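1. when you get a sec, could you give me coordinates for this:
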Amino acid sequence: MSEILHKDIDYRALRMIVGLIALSIAIVCTGLFWFHTETSIIPTSISVTYHLGARDFFVGALFSVGGFLIAYKGWTDTELWLAKIAGVCAILIAVCPTSVNLKWIENADLPFDKTQCKICETAESLNINGLTGTGDNNSSMQESPSAELDNDDGKCITTGSKFTPVVHGVAAFTLIAILFYYCIGFYRRVDGKIKKHPDMKLLKWRRFIYLACAVSMAISAVIGGILQWVSSNPGNTAIFWVEFVCLWAFGISWIVASKRAWLISYDKETEAQADN
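-> Predicted coordinates:
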């Protein structure tokens, strides 16, 4: 098996690449958002930067992560199939963009072209070209994508289906859950190595990092979910920080799991001995 991996693919390099891409998504997308909007505010989510300057990088990075995850085999059959599901979820997040809160766009005075809106759902009346809607949550603009929205209190969907943001949200939640599972898996494996090789002190540091990543993902998801639920502020950044923490925890854990991270990794021969 080691010879095949040596000739075809290095799983350590695969983990390192995935981890680095995960770390870059939050930073680069936020930077592109700031450059595009000429502001320094925090976006309501990393996903919304798709509509505000970061689309190409956002989609490319998620496709890269998705492809790597689909190719990843893991150490068990469960990890094998969860990696496939996680890879598909990453791609779905890229091709099914989230909605845009027009109230936030208006309040923050962000440069967003409302003619992109194929569907606009609002809790209040929606005026399109001077026509007053009924206030139905399913109010939409589909016939004229170029129509101007007179009411900015709504959610803009840039695709032709109102289910696109739902698919985006479900895929994002599923991906985070699977990445949390992998953090726990890394923790358990290194814990087993420590029991067999108690003299390898660096393994204890890796165990601590995996545990910290898993705990931070869980805590951020719970706190962020509560803050998002109780707040009616259209500029609420709770989801952004959940995504930021989870992406960094994911990236750090996979970089550490690559066994090539500086200061917490042994040479290849020692690592192979621990693996065996």
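2. quick one: find the helix or strand in the protein with the lowest mean pLDDT.
-> Between all helices and strands in the chain, the lowest mean by mean pLDDT, DSSP states H and E belongs to strand 131-132, at a mean of 34.
3. report the beta-bridge partner residues of Ile157.
-> Ile119 (DSSP bridges).
4. would you confirm that it contacts Lys118?
-> Yes. Look at Ile157 against Lys118 with C-beta atoms under 8 Å: they come within range, at 6.1 Å. (Glycine included, C-beta is placed from N, CA and C.)
5. name the residue in the two with the higher neighbour count.
-> Ile157 (23 against 18; other C-beta atoms under 10 Å).
6. need phi/psi at Glu38.
-> phi 60, psi 40 (degrees, to the nearest 10).
7. ok, it to Gly251 distance?
-> Distance of Glu38 to Gly251, computed by C-beta to C-beta, to the nearest Å: 28 Å.
8. more neighbours, these two?
-> Gly251 (23 against 8).
9. got the buried residues for the helix or strand hosting that one?
-> Per DSSP states H and E, Gly251 falls inside helix 238-257. Under the neighbour-count criterion of 16 or more other C-beta atoms under 10 Å, helix 238-257 has 238-257 buried.
10. hmm, Gln228 is touching Thr237, no?
-> No. Between Gln228 and Thr237 there is no contact under C-beta under 8 Å: 9.5 Å.
11. need the strands for this structure, in chain order.
-> 100-101, 119-121, 127-128, 131-132, 155-157 (DSSP state E).
12. so what's the residue count around the nearest residue to Trp104 once chain neighbours are set aside?
-> Distances taken as C-beta to C-beta, 6 or more residues apart in numbering place Pro234 nearest to Trp104, at 4.0 Å, with adjacent residues excluded. Number of residues near Pro234 (other C-beta under 10 Å) recorded here: 17.
13. which pLDDT value belongs to Pro234?
-> The score at Pro234 is 85. That number is its pLDDT.
14. and what of Gly192?
-> So Gly192 comes in at 83 (pLDDT).
15. distance check, it against Leu203.
-> Counting by C-beta to C-beta, the gap from Gly192 to Leu203 is 10 Å.
16. neighbour count for the two, which is higher?
-> Leu203 (23 against 12).
17. find the residue closest to Trp254 in space, skipping its chain neighbours.
-> Gly19 (3.5 Å).
18. burial of that neighbour, as a residue count?
-> 23.
19. same thing with Ile119?
-> Ile119 has 22 nearby residues by other C-beta under 10 Å.
20. and the lengthiest helix in the chain, what does it pack onto?
-> When the chain is parsed with DSSP state H, its longest helix is helix 164-196. On a contact count with 3 or more C-beta pairs under 8 Å, 6 or more residues apart in numbering; DSSP states H and E, helix 164-196 meets helix 77-95, strand 155-157, helix 201-230, helix 238-257, helix 268-275.
21. lowest mean pLDDT across these, which one is that?
-> helix 268-275 - the lowest mean pLDDT of those, at a mean of 66.
22. correct me, but Cys213 touches Trp254?
-> No. With contact defined as C-beta under 8 Å, Cys213 does not reach Trp254; the gap is 9.3 Å.
23. test my guess that Gln116 contacts Ile157.
-> No. Counting by C-beta under 8 Å, Gln116 does not reach Ile157; the two are 9.4 Å apart.
24. any idea how far Val256 is from Ser265?
-> 8 Å.
25. burial count for Pro43?
-> 26.
26. check the gap between Ser231 and Phe186 for me.
-> 34 Å.
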